[in-house]
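J.: Kindly generate the corresponding structure for this input.
(chains A and B)
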Amino acid sequence: SQQGEEDPQALSIQEGENATMNCSYKTSINNLQWYRQNSGRGLVHLILIRSNEREKHSGRLRVTLDTSKKSSSLLITASRAADTASYFCATDARGFQKLVFGTGTRLLVSP
Amino acid sequence: NAGVTQTPKFQVLKTGQSMTLQCAQDMNHNSMYWYRQDPGMGLRLIYYSASEGTTDKGEVPNGYNVSRLNKREFSLRLESAAPSQTSVYFCASSQVGLSSYEQYFGPGTRLTVT
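T.: Coordinates of the predicted model:
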């Protein structure tokens, strides 16, 4: 069964708007990662947040982690058409090398 | 650097046929992984290799075998393909250390079993 569940499954916004996607997981973790997948391509690592961190920034990305609620959110500010992709969270709940991926959020950013 | 490469990009098999998916990385990473991605399911770990000479099962290992040929190469073999193995297969690698867990992915192999 999937450890992570992303919400929403799909998100459609205009360029310049912010996009927020959420990830929930079921068991304790040491870290949580976010990946992006462009259509027909492999995944690309975006950011990692550790269980003792609450918030992390990288460029236009902001990730939060709430271990008490077992949830994380990824915020992309000032979205661009090039941000159109699927976004996946991944946790190490089964071991630091046994990443468990969520089902993903499909983001469409229209010009 | 090419990163992680996979061959072939596409493959169509008949039920019962066998094939090997090849993966190579040029980043000198110690760990390598095989995942499958099905629509609406995210990625699921099939097998991984923490280091050269070791392999371990992931979440969905049934019907697959792997070989860590050397530090660079990690192959996935389907001995007798089944329609349920129709999927996109991704290889990944990482240099696992005190602060590094990022995985680097190949472009994928799209496999159809008829």
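
J.: Residue B:27 and chain A: what is the separation?
T.: According to Cβ to the nearest Cβ, to the nearest Å, residue B:27 stands 13 Å off from chain A. Where you see a C-beta, it was placed from the backbone N, CA and C, and this is true even at glycine.

J.: my read: that residue touches residue B:95, true?
T.: Yes: the pair residue B:27 / residue B:95 is scored as a contact, 7.1 Å apart, by Cβ atoms under 8 Å.

J.: partners of residue 109 in the sheet?
T.: Unless you meant another one, I'm taking chain A. On the basis of DSSP bridges, residue A:109 takes part in beta bridges with residue A:13.

J.: that's the wrong chain, I meant chain B
T.: Per DSSP bridges, residues listed as beta-bridge partners of residue B:109: residue B:89.

J.: So it versus residue B:13, what's the distance?
T.: Separation of residue B:109 from residue B:13 (Cβ to Cβ, to the nearest Å): 11 Å.

J.: what are the pairing partners of the worst-scoring helix or strand of chain A on mean pLDDT, and which direction each?
T.: Across the helices and strands of chain A, mean confidence by mean pLDDT, DSSP states H and E is lowest for strand A:5-7: a mean of 86. Paired neighbours of strand A:5-7 in the sheet (DSSP bridges): strand A:19-24 (antiparallel).

J.: Would you map the strands across chain B?
T.: B:4-7, B:10-13, B:19-25, B:31-38, B:42-49, B:56-57, B:64-68, B:74-78, B:87-94, B:104-105, B:109-113 (DSSP state E).

J.: quick one: average confidence on the first one?
T.: Mean pLDDT, taken over the full extent of strand B:4-7, equals 97.

J.: what does the last one give?
T.: Model confidence over strand B:109-113 averages 97 on the pLDDT scale.

J.: Determine the angle, from 0 to 180 degrees, between that strand and strand B:19-25.
T.: Using axes from the mean of the first three to the mean of the last three Cα atoms, to 10 degrees, the inter-axis angle of strand B:109-113 relative to strand B:19-25 is 170 degrees.
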